[in-house]
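In: Okay, here's the prediction I keep looking at, along with the sequence it came from:
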Amino acid sequence: MKNCKKAPGEDGISRGILPRAYKHFLNLINTLYNECLRQGCFLNRWTRLNVKQVTTPGKKSTTDPSKFIPLNILNVGRNVLEKLLLNTMMHHVSVHKQSPES
């Protein structure tokens, strides 16, 4: 994972926690993600966002609303599932790739 210092999502789990949890709960986490992929489901809690207001880069901190931009922080579990889904789809496409003449 690229940056373990990124803010946690709505669930409070940061990117740095998941790799450590995976070492201790390997079977549980694998089962959770495999079942999500098998059933085509997405946990409801992973659909919620943690929205933070941050000042626009280069702007001084102020109370003027136009100086802020919303930052949508997704849950780590969602990011992992999306990456797994993307990798699964890319593998399927590469394995079942047909030539243009087919």
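Out: That came through, no problem.
In: how far out from the middle of the chain is the strand or helix carrying residue 82?
Out: Using DSSP states H and E, residue 82 sits within helix 76-95. Its chain's C-alpha centre lies 11 Å from the corresponding centre of helix 76-95 when counted by CA atoms, centre = their mean, to the nearest Å.
In: for stretch 84-98, same thing?
Out: Distance, centroid of stretch 84-98 to centroid of chain: 19 Å (CA atoms, centre = their mean).
In: other SSEs contacting the helix holding residue 82?
Out: Judged by 3 or more CB pairs under 8 Å, 6 or more residues apart in numbering; DSSP states H and E, helix 76-95 is in contact with helix 17-24, helix 26-39. C-beta coordinates here come from the backbone N, C-alpha and C atoms, glycine included.
In: so which of the ones you listed comes closest to residue 68?
Out: Of all the helices and strands packed on helix 76-95, helix 17-24 sits nearest to residue 68, with 28.0 Å by CB to CB.
In: Contacts for the closest one, please.
Out: 1, 29, 76, 77, 80 (CB atoms under 8 Å, 6 or more residues apart in numbering).
In: From the chain's centroid, how far away is that helix?
Out: With CA atoms, centre = their mean, you get 15 Å for helix 17-24.
In: Let me know the angle separating it from helix 76-95.
Out: 80 degrees (axes from the mean of the first three to the mean of the last three CA atoms, to 10 degrees).
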